[in-house]
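1. Take a look and give me a structure for this.
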Amino acid sequence: MTGAGSDMNDEEVKVYPNQAGDQLNIRMDDIGQTRVLILDHAGRQVLSTMIYGSGIIDLSGLAPGVYFSRISNKSVSLTRKFIKSK
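-> Just a heads-up that it's a prediction; the model follows:
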């Protein structure tokens, strides 16, 4: 799912695995500073962090369920759905 104003295509942003355990990997071709928000199924922000190009997001404090990663920087704005398992 890509947001408006995105200059990068979906192949240039990888969010994996889906189903995530305690870690969510984000890999981007863009090496700039990127904000990552994790939202719960109701759209409430439950985590916020910054990565540079690629990063590993610690999900160990989150309960199992459906979440969304909102990834944004100067060249991309997109949201990806993922499942957090036990």
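
2. Where does the prediction get shaky in the chain?
-> 1-11 (pLDDT under 70).

3. can you tell me the helix or strand for the nearest residue to residue 48 once chain neighbours are set aside?
-> In this structure, residue 48 finds its nearest non-sequential neighbour in residue 37, 5.3 Å apart by CB to CB, 6 or more residues apart in numbering. (Glycine included, C-beta is placed from N, CA and C.) Following DSSP states H and E, one finds residue 37 within strand 33-40.

4. Which helix or strand lies directly C-terminal to that strand?
-> strand 45-52.

5. Return the set of buried residues in that following strand.
-> 47, 51 (16 or more other CB atoms under 10 Å).

6. Which elements pack onto it?
-> Using 3 or more CB pairs under 8 Å, 6 or more residues apart in numbering; DSSP states H and E, the elements in contact with strand 45-52 are strand 33-40, strand 54-58.

7. Tell me which of the ones you listed sits nearest to residue 13.
-> Across the helices and strands packed on strand 45-52, residue 13 has its closest neighbour in strand 33-40 (9.3 Å, CB to CB).
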